[in-house]
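> Give me coordinates for this.
(chains A and B)
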Amino acid sequence: MNIDINFLGILIGAIMASSVPLILAASGELITERSGVLNLGVEGMMIIGAISGFALMVITDNLFLAIIGSMLSGLLLSFIFGFLTQSLLTNHVATGLALTIFGIGLSAMIGKDFVGIPGKEFPLLFVNLKEAIPLFGPIFFGHSIVFYFAFLLPFGTNYFLKKTKIGLIVRAVGDSPVSAANQGINVLLVRYCCILYGGAMCGLGGAYLSLIYTPQWIENMTAGRGWIALALVVFATWSPLKVLVGAIIFGGITILQLHMQAIGIRIPVQFLSALPYIMTIVVLVIISRDSRKIKLNTPTSLGQIFYKEK
Amino acid sequence: MNTKLKVSKISKIYPGCIANDNVSLNFESGKIYALLGENGAGKSTLVKILSGVINPDKGQIFLNDKLLKLTSPKDAKNNNIGMVFQHFNLFETLSVFENLSIDSEKNNYQLRILVNNILKKYNFKIDLDVPILNLSAGQKQKVEIVRCLIRNPKVLIMDEPTSVLTEQETEDLFLSLKKFSREGILIIYITHKLKEVLSLCDEVAVMRKGKVVSISRTVDEELSSLANKMIGESLNKIKKMTSHNLSGEQILSVSRLNFNSEDPYEVNLVDINFTLNKGECLGIAGISGNGQNELFQILSGETLSNNGSIKFRSKEISKLNPKERREYLMAFSPEDRISQAAVPSLKIYENVALNNFKTSNFFEKGLFNERKIKDHSKKILSNFSVNTDNVNLKSQFLSGGNLQKLILGRELITSPELLICFNPTWGLDVGAINYIHQTLVKINEQGKSIILISTDNDELLQLSDRISVINKGKLSKIMSAEEVNPEKLGLLMGGGLVD
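Predicted coordinates for the structure are as follows:
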């Protein structure tokens, strides 16, 4: 029995670890969208974060620099998006799609020389506690600092949006940029900040993959996680805590169906692979049914171009 | 303390339009000032300049003899100029308190005490913790006012505040404004409603085409004098000739029409029967929401009735869609100009092209015949005195009156035999109302027929030959206009008189 409990702990720990990139990217995108900006470039920013983090790690041999660099590169990419959509008033959807395609292409180009290079071991925290406590040890301990940051982030985001003045301003801008401008709020500044923050979080999510989760560079290694993060934000109706739930469910079913495939359960593999996507959406739709809350949480101006009257 | 606001030689020019032309005005606290003008006269531009939303091309603003530089809404706020916009500047999904706290430097605890004191003082009843989208228009306006009051304003500007209010809410607002004025706040009240100027304000400045044309005390004015100043010409009294060539030829007959809606918010129509003669105007009165919408939709073909018959020039048309009905020379002008009658983001000529007839040849082999449509649109603009000749202008930039003229023009230029219009003058200023009434009378005189569904009783009594009242989806007996008076209409509308 003892072994089973430990296995369960390891399994849950693995599930949580696999949901980290989703939580990071989705939390970042959530802030961006709450300010009324729809950035579909999440996948592109994640993959750029992944390659630049890995490349910096190889070049400088410094993991701290690699993490910071990955965030900066995600931020840089999102700045391009911000400049195009906010200053040049291009369409959010088209620009975001272009950003993703650009990011995937650029990362493959940069990444050519880094294929096959082994990653570096990332320092894990509380490793001794992991062994000491059955069940809870492997779940809560022995993870990287990014892991803990990711799991605190949705709570922080929730607090930021609900309790702080700046969070209130972000929501106000997302509700009605015109009213916000008439109230003397600098809409462009707010939206730029939210876009850049979202970019940095996506970059970090990508770096988690290439530096911590599977420490190596593989072309297109984000494998659609950016799109899942985007879907999580929408199906979680822009609520940070529901994003967390959705990310864990998605990670959980991904891991579980892999185990089911390994055990050889007689269910078509294709169906099992599709299961995380279906289940995540079903669960989020069910827990987000309250139409009143949807109305209150949805950024009314999402995806709309804003320009100032002169 | 006395507050003096001086606007000196303000000009603001937009491409193709002089919004403000050398406007100079003086205001002093203790009085309520009206800024009166038609839609598009330049009132809103002036208040946007005063509140720092837009910058003037020329001119200066002085507050207590100090030159103000208003480059952003913040500057106006910091100089104690408060502003309540016509279209509310509230964040619908945020709570009342969040809306108030967003631009306040006070901490939440102090702010709540302050707001509660203001609410108590002026007897406003608003729950601070509900989202704005749950409030009525009147309550939203109170939130806007409270937002201004938090900053101890010296000047309070109200831009067409009553356009969304009920009568009771309007009365409450006037009481509050008078109270503010007594407390030394300088109030500038922007409106196109003449009655409000006379009942509320002490002085009135009239604007027309960007210029101030008159400044006077309201005690020296009356409705007609103000109207004339606002329009710039004397209003022609509408005269309806009841004895014009009524041939007795029947053009439309509706019988045993029923409509049961699946939507619980729609009204069911019960056994609608009426006939309409050539050259006649049939008025349909009623309190809004008693089935007018449904009746209009069924007559226009937007929705089809469950049973019954509609015969137009003795052809059965009850199963035809609006386009097919238009081909039979019926024309429709819906109540909602912005979302039903026209597409605001399309250009004028594109909106005209939406009404496309087989005979008009707007499209050749599926392609847009742009020149033809534009020529046709220009003809509409000039024939129906729309205040622009630019057919490339987006329709959303037309004022309500001009948009309505465009819509009516689009419908009437094909000389239809029957026009069905629903609240054609809703929300318009007197000049535009007058023009539209004249147009309706004119088409009657040309022997064309009209069904006028309206909630404005004065309009109905003025224009109709016969009147019926709709109440809970049922039409009353059809009466000739002479036997109806406002009292009788009122009773029928309330369902108090059964015939």
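> secondary structure element for whichever residue of the stretch 201-310 of chain A sits closest to chain B?
Per C-beta to the nearest C-beta, the residue of the stretch 201-310 of chain A with the smallest distance to chain B is residue A:296, at 4.8 Å. In this view, the C-beta of every residue, glycine as well, is placed from N, C-alpha and C. Assigned by DSSP states H and E, residue A:296 falls within helix A:291-297.
> Name the residues that touch that helix?
Judged by C-beta atoms under 8 Å, 6 or more residues apart in numbering or on different chains, the contacts made with helix A:291-297 from elsewhere in the structure are A:237-239, A:288, B:93, B:131, B:133.
> Could you give the number of residues near residue 164?
Looking at chain A here, since you left the chain open. Under the neighbour criterion other C-beta atoms under 10 Å in any protein chain shown, residue A:164 is assigned a count of 11.
> meant chain B, my bad for not saying
17.
> Over to residue B:124?
Other residues near residue B:124 come to 18 when the count uses other C-beta under 10 Å.
> Tell me the pLDDT of the closest residue to chain B within the stretch 101-250 of chain A.
Scanning the stretch 101-250 of chain A for the residue nearest chain B gives residue A:184, at 3.6 Å (criterion: C-beta to the nearest C-beta). At residue A:184, the pLDDT value in this model is 83.
> still on that earlier bit, can I get the contacts of helix A:291-297 in a markdown table with secondary structure?
Conversion of the contacts of helix A:291-297 to a markdown table gives the following (DSSP: H, G, I helix; E, B strand; the rest coil):
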| residue | secondary structure |
| --- | --- |
| A:237 | coil |
| A:238 | coil |
| A:239 | coil |
| A:288 | coil |
| B:93 | coil |
| B:131 | strand |
| B:133 | helix |
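> Among those, which one is most surrounded by other residues?
residue A:238 (25 neighbours).
> Hmm, residue A:34 and that residue touching each other?
Yes. In this structure, residue A:238 is within contact of residue A:34 by C-beta atoms under 8 Å, at 6.1 Å.
> what's the overlap in contacts for those two?
Counting by C-beta under 8 Å, 6+ apart, the shared contacts of residue A:238 and residue A:34 are residue A:299.
> Leaving aside the residues adjacent along the chain, what's closest to whichever residue of the stretch 51-200 of chain B sits closest to chain A?
For the stretch 51-200 of chain B and chain A, the shortest gap (C-beta to the nearest C-beta) falls at residue B:74, measuring 3.6 Å. Counting by C-beta to C-beta, 6 or more residues apart in numbering or on different chains, the nearest residue to residue B:74 once its immediate chain neighbours are dropped is residue A:184, at 3.6 Å.
> That neighbour and residue B:53: what is the separation?
Spatial separation of residue A:184 from residue B:53 under the definition C-beta to C-beta, to the nearest Å is 10 Å.
> Could you find the closest non-adjacent residue to whichever residue of the stretch 1-150 of chain A sits closest to chain B?
Of the stretch 1-150 of chain A, the residue with the smallest distance to chain B, taken as C-beta to the nearest C-beta, is residue A:34 at 10.5 Å. Distances taken as C-beta to C-beta, 6+ apart place residue A:174 nearest to residue A:34, at 4.8 Å, with adjacent residues excluded.
> Check residue A:257 too.
residue A:272 (4.2 Å).
> So what's the gap between the helix or strand the one you found falls within and the chain middle?
Here residue A:272, judged by DSSP H and E, is contained in helix A:269-287. Taking C-alpha atoms, centre = their mean, to the nearest Å, the mean C-alpha location of helix A:269-287 is offset from the chain mean by 18 Å.
> cool, stretch B:249-264 as well?
Here stretch B:249-264 is found 28 Å from its chain centre; the criterion is C-alpha atoms, centre = their mean.
> which sections of chain B are below the confidence cut-off?
Along chain B, the parts satisfying pLDDT under 70 run over B:1, B:16, B:233-247, B:357-359, B:496-499.
> Now residue B:470, what are its backbone angles?
Phi and psi for residue B:470, reported as degrees, to the nearest 10, are phi -100, psi 130.
> What of the one 4 residues further on?
According to degrees, to the nearest 10, the main-chain angles of residue B:474 amount to phi -120, psi 140.
> Could you report the distance from it to residue B:289?
14 Å.
> higher neighbour count, these two?
It is residue B:474, of residue B:474 and residue B:289, that has more neighbours when counted by other C-beta under 10 Å, with 18 against 12.
> and the more buried one, what does it touch?
Neighbouring residues of residue B:474 by C-beta under 8 Å, 6+ apart: B:269-272, B:291.
> one more time with 6 Å, if that's ok
residue B:270 (C-beta atoms under 6 Å, 6 or more residues apart in numbering or on different chains).
> So what pairs up with it in the strands?
Beta bridges link residue B:474 to residue B:471, judged by DSSP bridges.
> Tell me the spacing between it and chain A.
Distance of residue B:474 to chain A, given as C-beta to the nearest C-beta, to the nearest Å: 34 Å.
> In the stretch 151-300 of chain A, what residue spans correspond to strands?
The residue ranges that make up strands in the stretch 151-300 of chain A, judged by DSSP state E, counting those that start in this stretch, are empty, as it has none.
> Measure how buried residue A:139 is and give me the count.
Here the number of neighbours of residue A:139 (other C-beta under 10 Å) works out to 19.
> show me what contacts it?
Listed by C-beta under 6 Å, 6+ apart, the contact set of residue A:139 reads A:9, A:12-13.
> Retrieve the pLDDT associated with it.
The per-residue pLDDT of residue A:139 was computed as 85.
> doesn't it fall inside a helix?
Yes. Residue state for residue A:139 (three-state DSSP) corresponds to a helix.
> okay if I get the contacts of residue A:139 as a markdown table plus secondary structure and pLDDT?
Formatted as a markdown table, the entries for the contacts of residue A:139 read as follows, by DSSP: H, G, I helix; E, B strand; the rest coil; pLDDT from 0 to 100:
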| residue | secondary structure | pLDDT |
| --- | --- | --- |
| A:9 | helix | 87 |
| A:12 | helix | 90 |
| A:13 | helix | 90 |
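> export these to JSON lines and tack on distance to residue A:103?
Below are those laid out as JSON lines (distance: C-beta to C-beta, whole Å):
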{"residue": "A:9", "distance to residue A:103": "36"}
{"residue": "A:12", "distance to residue A:103": "32"}
{"residue": "A:13", "distance to residue A:103": "30"}
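> got TSV for those residues, with neighbour count and distance to residue B:228 too?
Converted to TSV, the contacts of residue A:139 look like this (neighbours: other C-beta atoms under 10 Å in any protein chain shown; distance: C-beta to C-beta, whole Å):
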residue	neighbour count	distance to residue B:228
A:9	20	87
A:12	18	81
A:13	20	83
